[in-house]
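*Asks:* Provided below for reference: sequence and predicted model.
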Amino acid sequence: MMINNFFILLRQELILSVLIFLLLFIKLGKDRSNENILNIINVALFINLAAGFCCMHEGSLFSGMFTTNALVAFQKNILNLAIWIISMQSFAWLKTHKHVIEFYILLLTSLLGMYFMISSGNLLMFYLGLEMSTIPLAAAANFDLTKKKSSEAAMKLIISSAFASGILLLGISFLYGTSGTLSFEILPAHLGNNPLQIFAFILFMSGFAFKISAVPFHLWTADVYEGAPVAVTSFLSVISKAAVLFAFGTVLYKVFEPIANTWYAVLVVLSFATILIGNLFAIRQENFKRFLAFSSIAQVGFILIGLSGSSQAGLASLVYFILIYVFSNLAAFGVVSLVSALTGKENIADFKGFYKTNPTLSWVLTIALFSLAGVPPTAGFFGKLFLLMAGAAKDNYWLITFAALNMVISFYYYLRIVKSIFMEPNEQPIQKLAIPVVSKFAMYLCVAGIIITGLASVVYDYIYSLSFGL
Amino acid sequence: MSNYLYLAWIPLLPLATFVLLGLFGRKYFAKTAGIIGTASLLTSTLLSFVAARQYFLEDGKVNGAYQKIIALKYTWLEFSPNVSIDMGIIVDPISIMMLIVVTSVSLMVHIFSLGYMKGEERFATYYAFLSLFTFSMLGLILSSNIFQVYMFWELVGVSSFLLIGYYFNKPSAVAASKKAFIVTRFADLGFLIGILILGFYGGTMDISLLIEKLTVTSSAAFVNITTASFLGASMLTWGLTLIFVGGAGKSAMFPLHIWLPDAMEGPTPVSALIHAATMVVAGVYLVARLFPVYSMDESALTIVTYVGAFSALLAAIIACTQTDIKRVLAYSTMSQIGYMMFALGISKNGGENGLGYMASMFHLFTHAFFKSLLFLGAGSVIHMVHSNEMKDMGGLRKLMPVTHIAFLIACLAIAGIPPFAGFFSKEEILLAAFHANKLIYGVALVTAGLTSFYMFRLYFSIFWSKESTVHNNHGEGPWTMKLPLIILAICAVGVGFVPFSQFVTSDGIALTTHIDLLFSIAPVGLTLVAILLAASFYKTQNNKPEKAALAFGGFYTAAHKKFYVDEVYLFITKKIIFPLIGQPIAWADKYIVDGFMLALANTTAKLSTSIKGLQSGKVQNYALYFFGGVLALSILFIYIWK
């Protein structure tokens, strides 16, 4: 029974570990063509995703260090979906790369770390998972081996992460010092509104805020996003953020419940600053990846508003929005990644007249941007609406109005790009691109996701039924 | 209850066309896209007429009143156990009427474009966008849930953005489409908040249920929404006003009208579709759709009335000063929609007092035909002279006989000369205004006079004025361009005779109306004077008067005197009214109202530039800000905000 439990509860982690070892063996074995390897990996990642949906049991292992339930399993599935899509989209870039296998080993190790972080039942486990997810990413950020910017991005990521981890660890130490425990089960009983614990919480939270690039802990984001290869940028902006937000939601709702008033106020301040600064910076970006970096900062601000709702709907709208965000952001990154891999162009101005040469990609990008902007009837609209509705449960109407106004501002800069794509002439537009079949499939998957997630009510209903409130 | 499910096909056909042409149009249907689009819309139009016949003549009426029928309904999204969003199809007199209007006008535009847009490089894309727009508009009309309305509302915005910006190598067109989108977005934000307020207090977003709950003064929902207040107004007023703001954005009511004149940069048939008959009346339709709720709140209706009346007058004055023929038509549209709005505003719900509602809908109906005729006629003229400016036109009546007659009919219709369509609907509006509010009646009367003045100024400048300098090398255009003009001209004469009050009223019960000849003397008389005035100004810019004076010596003095009178009029209008009233208003409109929006955009951009120093690229700085953030949060939450 014990063994059985072990395999069932830990199955997602185990599959991933097996996959990592498998890749090591392929590396040691005879030389295969990149295309072959990529196809094997894509199939394996799909199996990984499919396997995630069976046996979503609830339980805990290692004396409470590791816990899982249907919501956690679903969150991991969202991450599995995202990495599958990213993998398919990077096909064109990786096909010619020398170190494909190492690249996947790094990404999958990072993902494994995230699994443990989401499933953690103890602050120590949580910290280990977080570190395990960060360090491989710094190496992956350096994977455009010939580009200086890529190395710069890696350096910036690792130094900033180290700094943030230090602060986070200090917070954990204070929590341990004042409560005598690290377990999620026991900790709430020892928490109160005394200054040292609030200070500890703020340190802890800053570490989180760094990972999800909430303002003012966001400054590393743009440089790293711009320098890193597009596949890593999409990993950082989608998977990394999603994992931390999932963990964040659980920790806030379960562990820090006794000081809910404090974290509610902190969330309000952070979301206000994040939306404002993210939007203001996004307006003036010329590089597409930097632009997506800042726009994703603003998106996080909206997520924090939903989270501040502290209700079942709050958590549900967070998970729902992230699912939509996976589709929309990856669709946008997918197009940018293709263009970058095949032509090396990454500026918004390069996309002028894009529609003339690449109508399909233009539509994909437009739908993705509309979803990110929250234009109905794309799913992004429902995602944002539900976040704001969840946030409105706290009667903080000024914040909601502010957020809604910022939605309008964000329309401006998303629309600017749509305008260049469709309406601006260009002497030398990006030539017609030959899209690999898998990338095409990934893009259609994203577009279908953007449309269906919003229109089919079952998705949200399902997530709602898994969620919990304060 | 009979089956209206087939109504779903009416919007679905254009949607299918859009998907087909959008995906494969450029490759496979580069030449035939127009035929495909037109054929699919023709089917939709026929279905609309079948539906109208079934509803109005066969089974819509129960116990003497037309019923609201929900043809289709299913739960779409469930946010939490007590908040959910439905989707459905609503069948009632106004939705059927709008179906007829939108499909007919859209069909005419589709046919007209076959000739007008022929040879355009992106012909298939154009028809794809047209279909998308028509789909969204039809979906908007049939929505049974305000949230669904909102979704289609946004879709209408997106597709009109694409259409206005169709000539994407013209920078002004691109700027215009962006302006239209952003301005209406601000308005739509108000709309969304308004919907959420009504939905929150009413506990539902279903239109029929909402009306049921919010029109019974004793219901809990009604008591809650009227007692809760914010900044001195009840939540009902706030909700309805915000929804009206959304409507005002799409319908170009002051001060949200600034996008409309610029939007004339789009292809002219597009203007006929979007800016004459469909999108711009969406705001009116929205208020009409929720009218029973509006009628419960005096303050919201007052706002609707005065915004409508002010816009009507303002736009009419500005229209007199414009020289671009499409801009004249744009302001004219704004003015006529103002008419419809205030007619709703002064109306009550039900019975004889609901005359304003019925008149407003009637005017919407007739206006759609003659205004789209005017736009298409203008399209023909522009096609001929390749210019939008009046000074490049003149004397075109011989070159373009069909357009000339059609345009004249449309002008007579909009001026309200019996028996043309505009006369009947305008008369009802004036009658309703006369009984409800004398001030509004006065404004309406003045606007009516101005309307006929600027319309005939337009007419004479295009078709008379001087000898034509245009060399006719391609004729008046192919039959595809003439046929819609002829059909619409017949409509502009005929639709006034539709016994509208039998079908569309605020409570579904037929209303008896009659034209009071005595009452009509004032407006019709004023209109005639205005037309004569316009004729004397703009018809004779040639030397005929001098020749006449030489030939008929005895008449010379009289002719001279007439000329003298003209001078006085000219002095008053050109030297006093135009520069002192018209131009300042046009100026304020351009610089103050427009400027405010511009300032808002500039401030955001400036703020954005001023903080760019934060992002220095140095990691040590980032660490410093990080640490600063931690400290600030700590101080804030430990010492200040406990």
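*Replies:* Cool, the structure landed.
*Asks:* low-confidence ranges in chain A?
*Replies:* For chain A, the stretches flagged by pLDDT under 70 are A:1-4.
*Asks:* any chance you could map the strands in it?
*Replies:* According to DSSP state E, chain A carries its strands in the segments A:59-61, A:66-68.
*Asks:* now those strands as CSV including mean neighbour count?
*Replies:* The C-beta positions use only the backbone N, C-alpha and C, and glycine is treated the same way. Listed next are those as CSV, based on neighbours: other Cβ atoms under 10 Å in any protein chain shown:
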stretch, mean neighbour count
strand A:59-61, 15
strand A:66-68, 22
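*Asks:* so which of those strands comes closest to chain B?
*Replies:* strand A:66-68 (25.5 Å; Cβ to the nearest Cβ).
*Asks:* And for the closest one, what's in contact with it?
*Replies:* A:9-10, A:57-61, A:116, A:119-121, A:125, A:184 (Cβ atoms under 8 Å, 6 or more residues apart in numbering or on different chains).
*Asks:* Same check on stretch B:161-169?
*Replies:* A:419, A:422-425, B:122, B:125-126, B:129-130, B:132-133, B:173-174, B:176-178, B:180-181, B:263, B:265-267, B:270, B:273-274.
*Asks:* repeat that with 7 Å
*Replies:* A:422-425, B:126, B:129, B:133, B:173-174, B:176-177, B:180-181, B:263, B:265-267, B:270, B:274 (Cβ atoms under 7 Å, 6 or more residues apart in numbering or on different chains).
*Asks:* ditto for stretch A:414-422
*Replies:* A:348, A:351-352, A:354-355, A:362, A:365-366, A:369, A:372-373, B:168, B:174, B:178, B:181.
*Asks:* Farthest pair within the residues you listed?
*Replies:* A:Leu372 and B:Phe168 (22.4 Å; Cβ to Cβ).
*Asks:* Contacts only, for A:Gln89.
*Replies:* Contacts of A:Gln89 (Cβ under 7 Å, 6+ apart): A:Leu330, A:Gly334, A:Ser337, A:Ser439, A:Ala442.
*Asks:* do the same with B:Arg327
*Replies:* Counting by Cβ under 7 Å, 6+ apart, B:Arg327 has contacts B:Pro261, B:Met264.
*Asks:* Next secondary structure element downstream of whichever strand or helix holds it?
*Replies:* If you go by DSSP states H and E, B:Arg327 is part of helix B:325-345. Going down the chain from helix B:325-345, the next helix or strand is helix B:355-385, by DSSP H and E.
*Asks:* With adjacent residues omitted, what lies nearest to residue 153?
*Replies:* Defaulting to chain A. With sequence-adjacent residues excluded and distances taken as Cβ to Cβ, 6 or more residues apart in numbering or on different chains, A:Ala153 is closest to A:Gly227, at 2.9 Å.
*Asks:* Sorry, I should have been clearer: chain B.
*Replies:* In space, B:Trp153 is closest to B:Leu140, 6.0 Å off (Cβ to Cβ, 6+ apart).
*Asks:* so that neighbour, which of the three states?
*Replies:* helix (DSSP: H, G, I helix; E, B strand; the rest coil).
*Asks:* In this structure it contacts B:Tyr150, no?
*Replies:* No: applying Cβ atoms under 7 Å, one finds B:Leu140 not in contact with B:Tyr150, separated by 9.2 Å.
*Asks:* So B:Phe453: helix, strand or coil?
*Replies:* helix.
*Asks:* Which pair of the contacts of A:Gln89 spans the longest distance?
*Replies:* A:Leu330 and A:Ser439 (11.3 Å).
*Asks:* which ones are touching A:Lys27?
*Replies:* A:Lys27 touches A:Ile101, counting by Cβ under 7 Å, 6+ apart.
*Asks:* got it, and B:Arg457?
*Replies:* By Cβ under 7 Å, 6+ apart, the neighbours of B:Arg457 are B:Ala534, B:Phe537, B:Tyr538.
*Asks:* at 8 Å instead, please
*Replies:* So B:Arg457 contacts B:Cys320, B:Ala534, B:Phe537, B:Tyr538 (Cβ under 8 Å, 6+ apart).
*Asks:* Once you drop chain neighbours, what's closest to the last one?
*Replies:* Setting aside the residues directly before and after it, B:Tyr538 is nearest to B:Phe460 in space (Cβ to Cβ, 6+ apart), at 3.8 Å.
*Asks:* can you check the second one too?
*Replies:* The shortest distance from B:Ala534 to any non-neighbouring residue, by Cβ to Cβ, 6+ apart, is to B:Phe456 (3.6 Å).
*Asks:* again, but for the third one
*Replies:* Using Cβ to Cβ, 6+ apart and skipping the chain neighbours, the partner closest in space to B:Phe537 is B:Arg457 (6.9 Å).
*Asks:* Please apply the same query to the first one.
*Replies:* For B:Cys320, the nearest residue in space outside its immediate sequence neighbours is B:Tyr454; the separation is 4.7 Å by Cβ to Cβ, 6+ apart.
*Asks:* Tell me the confidence at that neighbour?
*Replies:* B:Tyr454 is assigned 84 on the pLDDT scale.
*Asks:* List the contacts of it.
*Replies:* B:Ala316, B:Ala319, B:Cys320, B:Val328, B:Ser332, B:Ala534.
*Asks:* what do you get for A:Ala141?
*Replies:* A:Ser150, A:Ala153, A:Ala154, A:Leu157, A:Val224, A:Gly227, A:Ala228, A:Pro229, A:Val232, A:Leu236.
*Asks:* right, and the last one touches A:Val224 too?
*Replies:* In other words, A:Leu236. Yes: judged on Cβ atoms under 8 Å, A:Leu236 makes contact with A:Val224 at a distance of 6.9 Å.
*Asks:* The two: who's more crowded?
*Replies:* A:Val224 (30 against 24; other Cβ atoms under 10 Å in any protein chain shown).
*Asks:* gap between that one and A:Ala138?
*Replies:* 9 Å (Cβ to Cβ, to the nearest Å).
*Asks:* which residues do those two both contact?
*Replies:* A:Leu157.
*Asks:* Helices of the stretch 451-600 of chain B, start to end?
*Replies:* B:479-494, B:500-503, B:517-538, B:544-551, B:556-570, B:583-588, B:594-610 (DSSP state H, counting those that start in this stretch).
*Asks:* And the closest residue to A:Pro436 other than its chain neighbours, how far from chain B?
*Replies:* Leaving aside its sequence neighbours, A:Pro436 sits nearest to A:Phe91 (Cβ to Cβ, 6+ apart; 4.7 Å). According to Cβ to the nearest Cβ, to the nearest Å, A:Phe91 stands 23 Å off from chain B.
*Asks:* Can you read off the pLDDT for the closest residue to B:Ala221 other than its chain neighbours?
*Replies:* In space, and not counting its chain neighbours, B:Ala221 is closest to B:Lys213: 4.4 Å by Cβ to Cβ, 6+ apart. At B:Lys213, the model reports a pLDDT of 82.
*Asks:* if I look at B:Lys213, how far off is B:Asp206?
*Replies:* On the measure of Cβ to Cβ, B:Lys213 and B:Asp206 end up 10 Å apart.
*Asks:* the more surrounded of those two?
*Replies:* B:Asp206 (25 against 20).
*Asks:* Hmm, the more buried one is touching B:Asn145, no?
*Replies:* Yes: taking Cβ under 8 Å as the definition, B:Asp206 is a contact partner of B:Asn145 at 5.3 Å.
*Asks:* Next up, the contacts around the residue nearest the centre of chain A.
*Replies:* Nearest to the geometric centre of chain A sits A:Val238, at 2.5 Å (Cα atoms, centre = their mean). Going by Cβ under 8 Å, 6+ apart, A:Val238 touches A:Ala82, A:Ile86, A:Tyr325, A:Val326, A:Asn329, A:Leu330, A:Phe333.
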